[in-house]
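Novice: Give me the fold of what follows.
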Amino acid sequence: MISKNQLKLIHSLELKKQRKKTGLFLVQGEKNVSELFNSDFEVVNLFATPEYINKNSALLSQKQLVSLTIESTAEELQKAGTLKTNNTVIAIVKSKASELPDIKNNQLVLVLDQVGDPGNLGTIIRVADWYGIEHIICSTDCADLYNPKVIAATMGSFARVKVSHTDLYSYLSAQDKPIYGAFLEGENIHKSKLVDNAFIVMGSESHGISEQVGQLITDKITIPNFGQAESLNVAMATGIILDNFKR
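Specialist: Numbers count the residues shown, from 1 in each chain. You can find the predicted model right below:
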């Protein structure tokens, strides 16, 4: 059974200030929790139905989570979680410090500027995982990685793709790799010379890449359109651009 204090904690983690204060975040649903078990994130508590616990008893024992697992009803989980369809398992997990990565040679790094929509950020993390991108560098005004909507949209990819938040201008100014940026007036990506050792900057749908970060772009690229749509969703555009780089 989920106690009142535990329920209060779970609900509080919907708020960024509480996630920052406690250093905790939520992972919900069987798919995301299963990916969590294969990562180095530390689980604080697991709330799960008897059916889930029985089905995964060997795994919970192997991961030393039996003592941290609290049996709960589907109704309790439904009320506790933020997902409409979550009635099986919820994990409270320790967040990690936002450390900037060491970049290897011949590595594409995705950079997100002002991407504030949690669903878009989560989907971009999932897309990055599909294309083997290990690191995403976000501006400080991007959505919070540990927002429940972000974690849900990654479908488990949050456990593999490392995401950092920092001042992009300072960070990119210190780099010596090519910096590609998505602009409406950029060069047709189908005709551009693309390298596998670079940064790829994507801006928000409403604001694009900020003027300050735009000053650092070495190669402006665009996705050519063949119809009448004014723009692409930033997550969709990211997938198309990564596909061109990987081809």
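
Novice: in stretch 123-137, what's buried?
Specialist: Of the residues in stretch 123-137, those buried under the neighbour-count criterion (16 or more other C-beta atoms under 10 Å) are 123-129, 133-137. C-beta here means a position set from N, CA and C on the backbone, and glycine is covered the same way.

Novice: Contacts for that stretch, please.
Specialist: Here stretch 123-137 makes contact (C-beta atoms under 8 Å, 6 or more residues apart in numbering) with 100-101, 103, 107-112, 115, 150, 153-155, 157-158, 160-164, 166, 168, 171, 199, 202, 234-235, 238-239, 242-243, 245-246.

Novice: list the helices and strands the lowest-mean-pLDDT helix or strand in the chain packs on?
Specialist: Lowest mean confidence among the helices and strands of the chain (mean pLDDT, DSSP states H and E): helix 74-80, at a mean of 91. The contact analysis (3 or more C-beta pairs under 8 Å, 6 or more residues apart in numbering; DSSP states H and E) places helix 74-80 against helix 4-12, strand 43-48, strand 89-94.

Novice: Now whatever helix or strand comes next after the longest one: average pLDDT?
Specialist: Next helix or strand after helix 4-12 toward the C-terminus (DSSP states H and E): helix 16-22. Along helix 16-22, the predicted local confidence has a mean pLDDT of 97.

Novice: what comes into contact with helix 16-22?
Specialist: With contact meaning C-beta under 8 Å, 6+ apart, helix 16-22 is reached by 9, 12-13, 25, 95, 144, 146-147.

Novice: Quick check: buried residues in that helix?
Specialist: Taking 16+ other C-beta under 10 Å as the basis for neighbour counts, the residues of helix 16-22 that come out buried are Arg19.

Novice: what lines up beside whichever helix or strand comes after it in the sheet?
Specialist: Using DSSP H and E, the helix or strand that follows helix 16-22 towards the C-terminus is strand 24-28. Applying DSSP bridges, strand 24-28 is found paired with strand 89-94 (antiparallel).

Novice: what residues does the partner strand touch?
Specialist: With C-beta under 8 Å, 6+ apart as the contact definition, strand 89-94 has outside contacts at 9-10, 13, 23-30, 33, 36, 41-49, 52, 77, 80-81.

Novice: Narrow those residues to just the buried residues.
Specialist: In these, burial by neighbour count holds for 9-10, 13, 24-29, 33, 36, 41, 43, 45-49, 52, 77, 80-81, counting by 16+ other C-beta under 10 Å.
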